[in-house]
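Asker: Mind looking at a prediction? Sequence and model below.
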Amino acid sequence: MPKHTIEIGLFGREGMSAPCLASLSTQTPHECVVQSEGYGARIAVEHLFAAMAQSNSLTHTLARYAYAFGVQVSETAVSNGLFTIENCLARWLLMSSDRLGSSEIVLTHEYISIMLGVQRPGVTGALHILEGEGNIRALRGQISIVDRPALLALAGQSYGVCEAEYQRVIGPF
């Protein structure tokens, strides 16, 4: 991955990799990277557009998802600019857990540093703090959320806005 890479948004079982398709755009300047193993479905763009042409409900659902994803991208920028690395890491772990449907996150410190746009030693230090407080358990390449309420408290206002908007316009994950 190039050094200028940073994560702007996460999606999992609740979303899609190219929300730009909801506006019938077939190009984006962004790259999509699969972070965790799991299952997904693919549909050819022309088939998606044909389905959207036949279903107002699908078109409206995708438009609402694109809006909710835009809120997430905006909140990520706000969080990265205003909060500490510990707050951002707590937020990122919570969001990853939400989308994976699991408290186990299999990623390296290096990868998390790229996603958060910070130096790897900063991620390692923040993980040590979260682990020392009993919020997580970190092993090589794996992080387990042990105390979700404590992570929620640590994330504070950096977490929850995009989740609430998603619930409002789409529904539960």
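Answerer: Yep, that arrived.
Asker: CA only for contacts and neighbour counts going forward, please
Answerer: OK.
Asker: Please state the backbone phi and psi of Ser144?
Answerer: phi -110, psi 130 (degrees, to the nearest 10).
Asker: List the contacts of the residue lying closest to it once chain neighbours are set aside.
Answerer: Spatial nearest neighbour of Ser144, chain neighbours left out: Glu104 (4.6 Å); criterion: C-alpha to C-alpha, 6 or more residues apart in numbering. Glu104 makes contact with 97, 142-145, according to C-alpha atoms under 8 Å, 6 or more residues apart in numbering.
Asker: distance of the nearest residue to Glu110 once chain neighbours are set aside from Ala126?
Answerer: The spatial neighbour of Glu110 that comes closest, neighbours along the chain excluded (C-alpha to C-alpha, 6+ apart), is Arg120 at 5.5 Å. To Ala126, Arg120 is 10 Å away according to C-alpha to C-alpha, to the nearest Å.
Asker: just the CA coordinates of stretch 94-107, formatted as CSV?
Answerer: In CSV, the C-alpha atoms belonging to stretch 94-107 read as follows (Å, rounded to 0.1, in the frame of the first residue of the first chain):
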residue,chain,number,x,y,z
LEU,A,94,-15.8,-0.5,17.7
MET,A,95,-16.7,0.3,14.1
SER,A,96,-14.7,-2.8,12.9
SER,A,97,-16.4,-5.0,15.4
ASP,A,98,-19.8,-3.6,14.4
ARG,A,99,-19.2,-4.5,10.7
LEU,A,100,-17.6,-7.8,11.4
GLY,A,101,-20.2,-8.8,13.9
SER,A,102,-17.4,-10.1,16.1
SER,A,103,-15.3,-8.9,19.0
GLU,A,104,-12.2,-10.5,17.3
ILE,A,105,-10.3,-8.3,14.9
VAL,A,106,-7.5,-9.9,12.9
LEU,A,107,-5.1,-7.1,11.8
